[in-house]
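# when you get a sec, could you give me coordinates for this:
(one chain, ligands or ions: 1)
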Amino acid sequence: MEGIALRVRNLHKSFGGVHAIRDLSFDVAPGQVVGLIGPNGSGKSTTVNSLAGLFLATSGEIILDGVPIQTLPEHSRVALGLARTFQTASVFPEFTVRQQVRLASIVTLKSNPLASIFKLSVGHGDDAETEARIDEILRLTDLYQIADKLVSTISSGEQRFLMIATALAANPKVVLLDEPAAGLISHERKTLSEMIKKIRRRGVAVLVIEHHMALIMDVCDRIVVLNFGSKIAEGTPDEIRNNPAVIDAYLGEAI
Ligand SMILES: Nc1ncnc2c1ncn2[C@@H]1O[C@H](COP(=O)(O)OP(=O)(O)OP(=O)(O)O)[C@@H](O)[C@H]1O
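Modelled structure (predicted):
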């Protein structure tokens, strides 16, 4: 178990008669970036949603830093160190960038996020240590220069980076990035690559779902490939790029 931030064992998720994930196992170590790729409908979102606790897996184990979490609700998984981003940017438009990151960092200090949201105002938690950590996250996510702008006025690319900053504010051991490059233009994708590498250098384990293959090949240490809910390959970017089954199922159309 030592050295594994996230261990997924024999995960299975059915929706009625649809087996969205079948017998999926993989590990992510601290400071490692693992990519999860596959064609549309192959089970990537279902995997992330099962890991994050949006719904419960049908069977299998999810072990976060040694702790089984597969039966826990979403907020308990966040409190234990699992944070995620969503495919669509979800932001508080009336907040500044800094306020949104601050709120996320305060809320995750509490075990019940809903109770925390209603009890805390945005101005709380402004001790020097919290502010220093927020500054660090804003720098890491390339948002420091626009920290005082209203979220409603920043670009869609900046909003996506804010989603990553919000996830990092939870101080996670594992972060799940759900299509972080969607809608980004070329120079923003380059910034995103650098951001993911910086997150890895901080010792966080990263699982990234992405259709943008250049980004995946650039940032990942290992890649897990799904097809029809099953893992068909796992390996380094070079191994995956040259795997005939992966080329046949996915990469033939993706690159
Ligand atoms: N809530 C649901 N109810 C019924 N079936 C579902 C549900 N969510 C997903 N599925 C099915 O599970 C399978 C996997 O879907 P999933 O969205 O996880 O794939 P994906 O790899 O994320 O696809 P995409 O790349 O298009 O986002 C598909 O057959 C999908 O139709």
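
# quick check, Leu192 in a strand?
No: per DSSP: H, G, I helix; E, B strand; the rest coil, Leu192 lies outside any strand segment and is helix.

# what sits against it?
Shown in contact with Leu192 (CB atoms under 8 Å, 6 or more residues apart in numbering): 160-161, 180-181, 184, 215. C-beta here means a position set from N, CA and C on the backbone, and glycine is covered the same way.

# let's see 10 Å
141-142, 157, 160-161, 164, 177, 180-181, 184, 208, 210, 212, 215, 218-219 (CB atoms under 10 Å, 6 or more residues apart in numbering).

# where's it relative to the ligand, distance?
18 Å (CB to the nearest ligand atom, to the nearest Å).

# for Val208, same thing?
Taken as CB to the nearest ligand atom, the span from Val208 to the ligand is 13 Å.

# hmm, that residue is touching Ile223, no?
Yes: taking contacts as CB atoms under 10 Å, Val208 lies within contact range of Ile223: 9.5 Å.

# between the contacts of Leu192, which is nearest Lys197?
Nearest to Lys197 among those is Val219, at 6.3 Å by CB to CB.

# confirm for me that the closest one is in contact with Ser193.
Yes: with contact defined as CB under 10 Å, Val219 counts as touching Ser193 (5.5 Å).

# mean confidence for stretch 184-197?
Computed over stretch 184-197, the mean pLDDT rounds to 96.

# which ones are touching Glu136?
144, 168, 202.

# sorry, back to before: find residues that contact each of Val219 and Ser193.
Common neighbours of Val219 and Ser193 (CB under 10 Å, 6+ apart) are 180-181.

# looking at those two, which one has more neighbours?
Of the pair Val219 and Ser193, Val219 is the one with more neighbours under other CB atoms under 10 Å, namely 24 against 17.

# name the nearest residue to that one, ignoring sequence neighbours.
Nearest residue to Val219, sequence neighbours excluded (CB to CB, 6 or more residues apart in numbering): Ile196, at 4.6 Å.

# list the buried ones in whichever strand or helix holds that neighbour?
Counting by DSSP states H and E, the element that carries Ile196 is helix 186-201. Of the residues in helix 186-201, 188-189, 192-193, 195-196, 199-200 count as buried by neighbour count, 16 or more other CB atoms under 10 Å.

# using the three-state scheme, assign the residue nearest the centre of the chain.
Nearest residue to the geometric centre of the chain (CA atoms, centre = their mean): Leu176, 1.7 Å. Here Leu176 is strand, with the state taken from three-state DSSP.

# the residue nearest to it when sequence neighbours are not counted and Glu94: what is the separation?
Nearest residue to Leu176, sequence neighbours excluded (CB to CB, 6+ apart): Arg84, at 4.0 Å. Distance from Arg84 to Glu94, counting by CB to CB, to the nearest Å: 23 Å.

# ok, Gly66 next?
Gly66 is 40 Å from Glu94, by CB to CB.
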